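In: With the input below, show me the fold.
(chains A and B)
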2 protein chains.
Amino acid sequence: MRPYELSLAAAADAIRARRVSPVELVDSVLDRIEQVEPHLRAYVTVTAERARRSAREAEREAAAGRFRSPLHGIPVGLKDLIDVAGTATTASSRVRAGHRAETDSAVAARLTAAGAVLVGKTHTHEFAYGLTTPQTHNAWDRDRVAGGSSGGSAVAVAAGTATFALGTDTGGSIRVPAALNGVVGLKPTYGLVPRHGVTSLSWSLDHVGPITRTVEDAALVLPVLTGHAPGDPAGLPNHRPPSEGDLSGLRIGVPRNYYFDRVGPDVEAAVRRAIDRLEALGARLVEVEIPMTRYIQAIQWGLMVPEATAYHEKALRDTAGLYAADVRILLEAGALMTAGDYLRAQRARTLMRQAWARMLQEVDVIAAPAVPATAVRAGEDSLTWPDGTVESVSDAYVRLSAPANITGVPSLSLPVGRDRQGMPIGMQLLGRPFGEASLLRVGHAYERTEPARELAPAV
Amino acid sequence: MRPYELSLAAAADAIRARRVSPVELVDSVLDRIEQVEPHLRAYVTVTAERARRSAREAEREAAAGRFRSPLHGIPVGLKDLIDVAGTATTASSRVRAGHRAETDSAVAARLTAAGAVLVGKTHTHEFAYGLTTPQTHNAWDRDRVAGGSSGGSAVAVAAGTATFALGTDTGGSIRVPAALNGVVGLKPTYGLVPRHGVTSLSWSLDHVGPITRTVEDAALVLPVLTGHAPGDPAGLPNHRPPSEGDLSGLRIGVPRNYYFDRVGPDVEAAVRRAIDRLEALGARLVEVEIPMTRYIQAIQWGLMVPEATAYHEKALRDTAGLYAADVRILLEAGALMTAGDYLRAQRARTLMRQAWARMLQEVDVIAAPAVPATAVRAGEDSLTWPDGTVESVSDAYVRLSAPANITGVPSLSLPVGRDRQGMPIGMQLLGRPFGEASLLRVGHAYERTEPARELAPAV
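Out: Numbers count the residues shown, from 1 in each chain, chains lettered A, B, ... in the order given. Here you go, the predicted model:
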């Protein structure tokens, strides 16, 4: 196995045991980038020189017996909304031409302090305002969308051009591309991971979180992002989920409405199979009724659209012509919304958060599809469901993600198989606020029942 | 002492000991209403027949040894925004002509279950959207404003035409009239008291709470409003604050900025004297810096104005001409606000709530003036401060109240003396979310150092 193929957990073990050096690992990832990046376009910028320098420093520390965290010497890609001092944060937009961040974002600073090695900035749907990331190709089929908005991060992790990555998630932007590329994405509880220095799409819905190859890997990244492993010189704390896969005593909610409505048959079958697997591991399945579902779409868009416009107010006045047309139209629509429209969305969100809190008293975790369909072909705008409904790709991709953004509850997407075309399918686990440990426990128990996952092929 | 003169605590003791019957008490209050109501106009409707019937029922229960709560047989006035089944909720507005509530509001139902006797619905500034309550006269000087918007409730309690009352508080509407009429007003923590069946001014700022003659009385009403004393047949739980007045170990924050800026000299002197009294009782005084003060006014109005407009949207289309001019102008202004204006206010409020939470880790209670000036003469629109600043009466009356509405922290106003014209002055105690017990403890310790308070005179 070449170093770029290692999961984060495996790479961390190998570095710790001095079987692989951070320099070898980073060189292997940079070679992989040279090989596949021309076909995938996951990166805005590859910071090869900086990465080699950091890797040498990590190697010196390792030689001296110093390991800053489980991320010591591990190559990471950051969605290009995340400030890194001295580099541009382009947001994959012409509006940001000539940008240069003065200071590190909170998460970049924490990753650096933990010894992670930045290999580059990854593509986002422009300013995170879309679900496809048109610059980037799906890791499994170049003719299909990467998903978005953290498309570059998910594709890089799936293709072996980053051992892990960070994304942001406002209406599914971590989980959707993770699901469509067969990797793991975690949207943490609202407020758990600091957003300072991360370009905003929507202040009340934005989250920063990890995209990784395995659930175990996500469990290694999260404590660094929350600031719980600040380079402890006393050794590596063990943040890994329990390795025994017994789920006895856990109540897993299976939605009787909403999450399995208008979902592709292969997606539904794969997710139901995965849920049966959780039951076989000892979990008790409990049917749950998802509350207030007919308000979800109106709340999500009713919050996101005006919040995005408020953030872009000045640039819209000065440089509207520099935005891609799809993004500009959404931003201009936001200026037409009244305070009344927005406050009705906020009111309804408050009620929905309370209704979810009541539902989540009955179960520990809810299991559901992450995205109703796998990756569509690039350029496809809509999906037609068997009942004749036509749904825009954006609406379809946001639909099952939005509840976790509106309510702020944590949500983990993990791969649970492929459809007939070989495209990855994601299952979503949702939990109580600050209940990440339960999601990681269930997700890890599931992934231990799977054969080891392969990386996406080179072409 | 005639029964209408009794505080709630004294009346409850007298009823429990069968020294006063609920019928005598209600008759005494109804007589007092006949005597002073023509001069004060605190009530929209006096429900004399209903009150006598309820009192007779309470008397029968008392004779059988049944006391539903400390409120058993106690006359109450409800601000006319609070639904009582079978009566109009006029909101003191022509817009509500012909209104009839079908069911009790949550608080009315709880008061009834606790044995309280409704004597009438009290005047509000129209739809709670103002700080003076122009229909009603100050209990201490007929030529001065009652304060608002719960002006009728405060005047009734001050004049002995209700033993206690309920008000609502969106930007000071319980505390301002309580302070201006020399009674006690408690704005509980946001969300603690249910608002179901109470006409809304502003969904994210509205609170329901008690107006009483003493802090001890407020402590008797609050558990009924929160549902903690649902007519326990086993006896009267004792919700009274500890009767010993020792405040040792308590840290009381004294603001070094904002709360004493542009405050009348008599108000400042009275409040500082009261704070010295708290120190003499054993509390430790700690200077605190109030955060983000230059945003308070913009946030309060930025939330309230569009939220009020959203509530009145339909009536504004159909019957705009029926509103008083001051209220109609504010409602129409709200329609011009964009989603961006409103969400900036919500964002800033989130930051302010966090900053207050940090400040409130350092102290248990903050003590400050409730209102910067005493009651102005009716018809006066503005105040001129010694530094030459001219401030509208609304802005001045909202200024020191708004932080508790924006952040949701509880705030208790209690009388601490008179100005040179004999008009009452209020001190405000602010605490941590759900820290009502500390406010009641400090307020009660203070009031035990005062001579017994008189009711406002008959004319």
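In: if you go through the stretch 151-300 of chain A in chain order, where are the helices?
Out: Secondary structure of the stretch 151-300 of chain A (DSSP state H, counting those that start in this stretch): helices located at A:151-159, A:175-180, A:215-225, A:265-280, A:296-319.
In: meant to ask about the stretch 301-450 of chain A, not that
Out: Using DSSP H, counting those that start in this stretch, helices in the stretch 301-450 of chain A cover A:325-334, A:339-359, A:393-399, A:402-407, A:436-447.
In: Give me whichever of these is most buried.
Out: Of all the helices of the stretch 301-450 of chain A, helix A:402-407 has the most neighbours on average by mean count of other CB atoms under 10 Å in any protein chain shown, namely a mean of 26. No exception for glycine: its C-beta is placed from N, CA and C like everyone else's.
In: just how off-centre is that one within its chain?
Out: Averaged C-alpha coordinates place helix A:402-407 at 14 Å from its chain's average position (CA atoms, centre = their mean, to the nearest Å).
In: In contact with the residue nearest to residue A:398 when sequence neighbours are not counted, which residues?
Out: For residue A:398, ignoring the flanking residues on the chain, the nearest one in space by CB to CB, 6 or more residues apart in numbering or on different chains is residue A:171 at 4.4 Å. The contact partners of residue A:171, taken as CB atoms under 8 Å, 6 or more residues apart in numbering or on different chains, are A:131, A:205, A:300, A:304, A:398, A:401-402, A:405.
In: Kindly reformat the helices of the stretch 301-450 of chain A as CSV containing mean pLDDT.
Out: Putting the helices of the stretch 301-450 of chain A into CSV (pLDDT from 0 to 100) gives the following:
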stretch, mean pLDDT
helix A:325-334, 94
helix A:339-359, 96
helix A:393-399, 96
helix A:402-407, 98
helix A:436-447, 96
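In: Sort out which residues of stretch A:307-316 are buried, please.
Out: Within stretch A:307-316, the residues scored as buried using 16 or more other CB atoms under 10 Å in any protein chain shown are A:307-312, A:315-316.
In: So that stretch, near chain B or not?
Out: Yes - for stretch A:307-316, a contact with chain B is found by CB under 8 Å from any CB of the partner chain, at A:307, A:309-310, A:313.
In: re the thing from before, quick one: the residue nearest to residue A:398 from chain B, how far?
Out: Using CB to the nearest CB, to the nearest Å, residue A:171 is found at 16 Å from chain B.
In: measure the closest residue to residue A:427 other than its chain neighbours to residue A:399 for me?
Out: Distances taken as CB to CB, 6+ apart put residue A:416 closest to residue A:427, at 4.4 Å, once the chain neighbours are dropped. Noted for residue A:416: a distance of 18 Å to residue A:399, by CB to CB, to the nearest Å.
In: now residue A:2
Out: Using CB to CB, residue A:2 is found at 39 Å from residue A:399.
In: same thing with residue A:68?
Out: For residue A:68 relative to residue A:399 (CB to CB), the value is 40 Å.
In: So which of the contacts of residue A:171 is the closest to residue B:146?
Out: Closest approach to residue B:146 among those (CB to CB): residue A:205, at 43.5 Å.
In: so the closest one makes contact with residue A:172?
Out: No - between residue A:205 and residue A:172 there is no contact under CB atoms under 8 Å: 10.3 Å.
In: Looking at those two, which has the bigger crowd around it?
Out: residue A:172 (32 against 24; other CB atoms under 10 Å in any protein chain shown).
In: how about the closest residue to the more buried one other than its chain neighbours, what does it touch?
Out: Using CB to CB, 6+ apart and skipping the chain neighbours, the partner closest in space to residue A:172 is residue A:401 (2.7 Å). Counting by CB under 8 Å, 6+ apart, residue A:401 touches A:169, A:171-172, A:175-176, A:187, A:370-371, A:411, A:428.
In: what do you get if the cut-off is 7 Å, keeping everything else the same?
Out: A:171-172, A:175-176 (CB atoms under 7 Å, 6 or more residues apart in numbering or on different chains).
In: Show me which pair in the residues you listed is furthest apart.
Out: Farthest apart among these by CB to CB are A:171 and A:175. That separation is 9.7 Å.
In: one step back: any idea which of the contacts of residue A:401 is the one closest to chain B?
Out: Nearest to chain B among the contacts of residue A:401: residue A:171, at 16.4 Å, using CB to the nearest CB.
In: quick one: the closest one from residue A:150, how far?
Out: Distance from residue A:171 to residue A:150, by CB to CB: 12 Å.
In: Also residue A:363?
Out: Using CB to CB, residue A:363 is found at 28 Å from residue A:150.
In: between those two, which one's more packed in?
Out: Between residue A:363 and residue A:150, counted using other CB under 10 Å, the more crowded position is residue A:150 (38 against 22).
In: excluding its backbone neighbours, what's nearest residue A:121?
Out: Using CB to CB, 6+ apart and skipping residues adjacent in sequence, the residue nearest residue A:121 is residue A:80, 4.0 Å away.
In: quick one, phi psi at that neighbour?
Out: Torsion angles at residue A:80 (phi, psi; degrees, to the nearest 10) stand at phi -80, psi 40.
In: roughly how far apart are it and residue A:40?
Out: The gap separating residue A:80 from residue A:40 is 15 Å, by CB to CB.
In: So for those two, which residue has more residues nearby?
Out: The neighbour comparison of residue A:80 against residue A:40 (other CB under 10 Å) goes to residue A:80, with 29 against 26.
In: ok, now how distant is the more buried one from residue A:112?
Out: Residue A:80 is 17 Å from residue A:112, by CB to CB.
In: Ok, residue A:142 next?
Out: Distance from residue A:142 to residue A:112, by CB to CB: 33 Å.
In: which of the two has more neighbours?
Out: Neighbours per residue, other CB under 10 Å: of residue A:142 and residue A:112, the larger number sits with residue A:112, 19 against 13.
In: who's in contact with the more buried one?
Out: Neighbour list for residue A:112: residue A:104 [criterion: CB under 7 Å, 6+ apart].
In: Contacts only, for the residue nearest in space to the middle of chain A.
Out: Closest residue to the average C-alpha location of chain A: residue A:174 at 2.4 Å, with CA atoms, centre = their mean. Counting by CB under 7 Å, 6+ apart, residue A:174 touches A:150, A:167-168, A:185-187, A:209, A:211.
In: ok, of these, which one's closest to residue A:74?
Out: Nearest member of the contacts of residue A:174 to residue A:74, counting by CB to CB, is residue A:211, at 13.4 Å.
In: which stretches of chain A have low pLDDT?
Out: By pLDDT under 70, the low-scoring segments of chain A are A:229-243, A:459.
In: got the residues of it near chain B?
Out: Contact residues, chain A versus chain B (CB under 7 Å from any CB of the partner chain): A:203, A:306-307, A:309-310, A:313, A:334, A:337-344, A:346-347.
In: picking up where we left off before, relative to residue B:331, how far out is the residue nearest to residue A:398?
Out: Residue A:171 sits 33 Å away from residue B:331, going by CB to CB.
In: cool, residue A:337 as well?
Out: Separation of residue A:337 from residue B:331 (CB to CB): 19 Å.
In: Same question for residue A:336.
Out: Distance, residue A:336 to residue B:331, by CB to CB: 21 Å.
In: Contact partners for the closest residue to residue A:436 other than its chain neighbours?
Out: Distance criterion CB to CB, 6+ apart; nearest residue to residue A:436, sequence neighbours excluded, is residue A:410 at 5.0 Å. By CB under 7 Å, 6+ apart, the contact set of residue A:410 is A:187-189, A:431, A:435-436, A:439.
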